[in-house]
Each structure stands twice: as C-alpha cells, then as structure tokens.
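Colleague: coords below, sequence missing:
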C-alpha cells in the first residue's frame, strides 16, 4: 500500500492555510449524485452562505469549479469580448496575471502600472481612461505578492462614471479583511477557498452584480471558455438546475462547512481577529528588523510582506523553518525574489499562538546565524513586542 | 451548527460513484503547501500512477484542476487555433459538447454525425476529410449519453494518415474499460476522477503524446485559456516545478489513493471485473424487458444504456428507486429523455451485489406498478438471469 504521509505543517504562507477539523470531517460525508435533490439543497445553502460572506444580495453567487486562478479567468472572460477596452491596475504578480488573462480575450488593454509594494494612484487610472470606453476595470484588492491593500472606493467611482464593470480579486482577503461587495459597488468579485476561508484549494467563490449579469446577457459573441461560461454554470446553480458540469461534490461539502464556521463566528468578529493577530505579528517582525514593504495605510490584515534583513539568505531561512519547525512561509516572486518574506495569518492559521511560534522560531534561526548578535536585537524582543501589541490591540 | 447530512446513496448512475473508504481517509491527510517538497514528491507519484492507468510513457501526464469537462476543454483549446480544421464525431451529448468547445476556438468545424445509440462509421470520417487538413480529430471513446463504445483503431489510422492529432474522451472508460493510450496511438486522452477511478469529482487526468507536445510548442498564438494552458501547467507538474496555480491538494491526495487502488488491483483484473459484473447486469435487465440501446459489439463494460419498457414513467421509477432504496441511476439526455435508463457499474460501485440489489429493486417497483404482471415477466427472472450470467461469465 502506497498511502501519502506528508508531515503536519503549520501553514503561515499566503495560502493554503491549515484547515479546521470540521472541514476535514465534512469531506468524509458520503458522496451523492450531482443532481440529487439533497445535493441541490446543499448547493442552495452554499449560495446563501457565500452571499453572507461577500455581503451581497447578488443572484449569481457560486463557487467556480477550479482554484482561485479559475475564478480570475471566469471573472474576466465572461465580461470581455474582442475589441473591448479593458483597464487593469498592475502593481504585482497577480495583477499581471489578470492582465495576461484579459489580453487573451482579444480586448484592448489599458494597463496602469504601480511600483511593486505601492498602491495604484486612482488619478493615474482616471487619466489613462480619458476618452476611452472601458468595459472592465480590473483590480486586485489584496495583492498576495506585495501585501498591498488597494483602496477600492475611488476606483468604484471611476468605473461607474465610465459605465464600466469593476472586477475585483479578493483571493487573500475574503473572510479575513473588511469587504462588502454591494456597499462597495463591486460588479464582479472572486476569491479562493484556501485563504481566509480555510477550505482546501479547488473552488473559487464568485459573485456578479445585476449590472454584470446584464452585460453577460448582452454579449455579442459566446464566452470563449465553455467551462467558465457563467450563463451555463448559473443555470445549474440557479433555479433552473440544468446540468452543466459535475460539481466537485466533496469540495462543496468542505466549502459549506468552512462558510458555516465563518457565519457562526460572524464576519465582523473574524475581520477583527485577523487585524488583532496581524498587528501583534507586525510588532514582533519590526522588533526583529523586518519592516513592512507596504506603508501602514495599505497593510492587509491577513498577510504581512516584510523586507528581509540585509545579508539573510531567503531560501536558507525558509528551508530551515520548514525542516526544523514544520512552519511554511513564502518568499518573494519576480522582482521581489530573495528580498522579502510573505507571512500569512489567514483563517484557521490566524492565531496569536502561531504568530508567537513563528517569531520565536525566526529569532532562534537568525540568532544561530549570528544576525541578531550583530545588530544588537533578539533575546525575546520579538515576543515582547508581540505581547505588548496584543495587549494594546485588545483594548 | 449547520453540517450537511445527505443520505448514504448507492450510486449506480454514470458517475459520480461511491468511493472507497481509503479515498475518504486520504482526504483527511494534513494539508501541505502546493510548493512543499513533500507535496511535489506526491505529485510526481500521481504522474507515474496516471501513466500506469493510461498505459502510456507520455511525459505530459497530469490531472487538470477541474472536472471532466475541464479536461475536455484543455484537450481541445491547447491544440486548436483560429482557422484550424477540426473534425468531431458526434453521436451523443458529450460529443456535442466537444464540438461546442472546439467551435469556440475559432476552428473550422467538420462534424460527422451518427444516430444516437450507434457508433460512427469510420468511412464517413474518411469521406468528410477528403481534401481537408484536420489539425484534430476528436472522438468520445465511451459516450455516457448513449452507452456506445466507439472502436478507436480505424480512427487512429485516419488521424495519422492526415497528420492530425487524435483527441479521445475516456471519461467513463478509464480504469474500467480496456484502454492503452500508446498502443492505440491516441495523442491526447482525458478522463474524470469520479467514474471508474472512484475518486471525488474535481480532477481531469490528461495525457499528451510527443506529437501533441510538439503541436503545443509550435502554436502560432497563445492558448485562449490561461488556466488550461498546458505549457504553463506542465512546468508545474514537470521537472521545472514552476508555480502556475495552486493545486487542489486534498483532491490530489484522493486521486493518489484511488490510483494506488487501481494499481494494486491491476488494470487487467479491473477491466475483467467490470466486464463480468456488467454482463451479469445486462442479463438481468434483458429478463426485465429492458434491452440495450447499443448493439452488443458496441457495449461499454462500465455503463449500460437500456430502453425503458413501454408505458413506464422514467421520472417516477427513478425517484422511487432513490427515495425507497437510496439507489441513484440516470435517465436520458436530449432526444433520449424519458426513453432510456443509464446504469453504471463503475469502480467501487461495480459489484455483483449492487447489480443484484438494483435488479431486485427494479423488479419490485415494476411489479407494484403492474408492469411485470401485464407482460408475464418477473418473479425473480432478473435475478435468475443475473445468476446464470455471472456463472457463465466466471468460466
């Protein structure tokens, strides 16, 4: 017998996260058919739980049968046709991916760049769109490669002034960072199951406003992807219950459980818990000489992206964290490779205990390599800072 | 708490099937990161197990992160560009879906039709391709909507004569029906995890020959789908290990376990077991007055598609099977709606016991509705036929 036996990791990267035992247990629920009346009822409940989590009343609210990048593709190819103007705000790896996917629809791309680690200035977007008729303005809410949280308000205003759809990536923010789809006037919003929802990767929740649904109905050409064509997928998830493709049934069970936990905890409580733990972690990282890459105004409460101290080898540090302490964190992508660490406190992985463990482990490893001695830091400074921050945050 | 509690169904439709307890247990294996060295090793093992199951040495052999229809889309959009000639053999619902997906690439479609329930005559394909230069010939091996098993030998010959790629859908056949990808000269072959492999739905195994890989490298344009672009996906599954998208980790654990079971049993034994149980089931269905829709030469050993007796209400029969006996079977799609039953004995659901239970249940329900009395059938005829067929088949 050849069963997989990976070690028990503590997942403090930008996702996947550790999962609640209830989500593991949900996956062992006996499988039903994808058209079974009992399963259709479970699907309806998942739709409602997603509406709660996105804070929306949107009719089209469902999990796309693929990972977060599948949600990204669905969110773009359904609303773009060849020749449409599409504006993408690019200040990181996943925004680049949005631009890449959008460009494959044959849309005319209007790319507004920002330095990695900084938000995009809305004025630059307004300027770039002068005289253009964008069908879509696409933006990443929390950029997983840089840790930047992009303010959405001014962008929603620009989008609606242009009668464009605001498409927002909330992969690392949904369920952990304040987000209200209807109130924030987002037209298309997608996420992934394995970040702040702490479900296994493989589903991409998406929600589409009535304006988005109308744009979908008014397309001149068919959506280039059959699998991601929301006009077909929605008939399966909506009232019609017309077979489109077989739903990933055990994953839907898992998502149902993960979203039930979100609702039991309460969204506002969950947001506050993420902010509390992340504030504490940041205090400790500061004490270790690892300042945040983004400015405080653009911090994401589910993910810290911090600069590596001078002379510390990224790969060596992370591989020792993994092999000795079973802790996973992530390094930089693209131009930030070797220069940063990406540390997530998301969903089930988000706790003061995990922050404390990581800081203690980092302090030991950095001390062993002689780094903290050289800088005069260490000897519990990180833990002390975390403890103080946690007390302050709790007030 | 709002946990899902569906009933324990006996799944004898065309998939999903019941799952081995080992596959359920595999999903509760602690989750790791998608770039964790331990997970990369599991991915390598899954690739090898898929090569065993497809009977191939193809380098590009991996599970697409979506359901069977995602595999279908990946198998077509990677190999077609606008203006290419694409021939699709259409004799059922899933072949129609292939044609629909292929047409969305901008390819010139050459559709060769067959009556639903009959195989496609290879001569018709040869005739349709005279003077054309097809890039792809796409065919469904086992058509889930009709139960027809299409012989592939003559089609491979035609494809290679035209220097075209033979793309084959093996969704309900892989792991249950004899299939040897290399020996049968198939260029692109895909399946689903939830049929004869008895894993949860959500993954689509695919394998691509060296000719297929060359065609992918020689494309003039980018693949229209970023998510399904095998040139990117393969860099994650192949030696490079470059991040593309987050793998559905728990599903990969499940597939690893399901494929390990296939290998432990042995492919040939598994094929023989499916043939044995299906022969027995067919004998019983015949005795109940439900003859096969396809001719015996085109029977699929994982799925029986049989005509409903005159006057028997499809929906009433299936809903009584479900509510009283917890047994799921399927009805007809499209033009066959209300006229047929589709009964699968696939993977873990494939057993003499399940065949016997279904026949007994069908006999009771048909008798209660007065059908068997009217025709003079019944009183254990089905079970007796099954028993006899099983004895004969075992010799």
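Modeller: Right, received. Where do you want to start? For clarity, every value in this text was computed on a predicted model and none was experimentally measured.

Colleague: and residue A:186, backbone torsions?
Modeller: Backbone geometry at residue A:186, expressed as degrees, to the nearest 10, gives phi -90, psi 140.

Colleague: what sits against it?
Modeller: A:152, A:156, A:166, A:168, A:209 (CB atoms under 8 Å, 6 or more residues apart in numbering or on different chains). Just so you know, the C-beta spots here come from the backbone N, C-alpha and C atoms, and that holds for glycine as well.

Colleague: distance of it from chain B?
Modeller: Distance, residue A:186 to chain B, using CB to the nearest CB, to the nearest Å: 22 Å.

Colleague: please, where are all the strands along the stretch 1-150 of chain A?
Modeller: A:10-11, A:60-64, A:85-90, A:108-113, A:134-140 (DSSP state E, counting those that start in this stretch).

Colleague: JSON lines for the contacts of residue A:186, including distance to chain B?
Modeller: Converted to JSON lines, the contacts of residue A:186 look like this (distance: CB to the nearest CB, whole Å):
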{"residue": "A:152", "distance to chain B": "24"}
{"residue": "A:156", "distance to chain B": "26"}
{"residue": "A:166", "distance to chain B": "21"}
{"residue": "A:168", "distance to chain B": "18"}
{"residue": "A:209", "distance to chain B": "23"}
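
Colleague: among those residues, which are located in strands?
Modeller: A:166, A:168 (DSSP state E).

Colleague: check the contacts of residue A:186 and tell me the two furthest apart.
Modeller: Pairwise distances across these (CB to CB) peak at 13.9 Å, for the pair A:152 and A:209.

Colleague: secondary structure element for residue A:184?
Modeller: Counting by DSSP states H and E, no helix or strand carries residue A:184.

Colleague: domain map for chain A?
Modeller: A:21-264, A:267-394 (automatic domain parsing).

Colleague: off-centre distance for the first one?
Modeller: Taking CA atoms, centre = their mean, to the nearest Å, one finds domain A:21-264 lying 11 Å from the centre of the chain it belongs to.

Colleague: and it, end to end?
Modeller: Domain A:21-264 has its terminal residues 15 Å apart, counting by CA to CA, to the nearest Å.

Colleague: longest helix of chain A, counting residues only.
Modeller: helix A:267-287 (DSSP state H).

Colleague: and the stretch 251-395 of chain A, which residues reach chain B?
Modeller: Residues of the stretch 251-395 of chain A lying near chain B by CB under 8 Å from any CB of the partner chain: A:251, A:253-254, A:256-257, A:260, A:263-264, A:322, A:328.

Colleague: just the closest of the residues you listed to residue B:217, please.
Modeller: Of those, the one sitting nearest to residue B:217 (CB to CB) turns out to be residue A:251, at 33.1 Å.

Colleague: per-residue pLDDT, the closest one?
Modeller: Residue A:251 carries a pLDDT score of 98 in this model.

Colleague: also residue A:1?
Modeller: So, for residue A:1, pLDDT stands at 54.

Colleague: ok, stretch A:220-240 near chain B or not?
Modeller: Yes: counting by CB under 8 Å from any CB, chain B is contacted by stretch A:220-240 at A:222-228.

Colleague: may I see the ChimeraX selection of the buried members of those?
Modeller: In ChimeraX, a selection of the buried entries from those looks like this (16 or more other CB atoms under 10 Å in any protein chain shown):
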select /A:223,224,225,226,227,228
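
Colleague: re the thing from before, turn the contacts of residue A:186 into TSV, columns for neighbour count.
Modeller: TSV is the format used below for these (neighbours: other CB atoms under 10 Å in any protein chain shown):
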residue	neighbour count
A:152	20
A:156	20
A:166	25
A:168	26
A:209	22
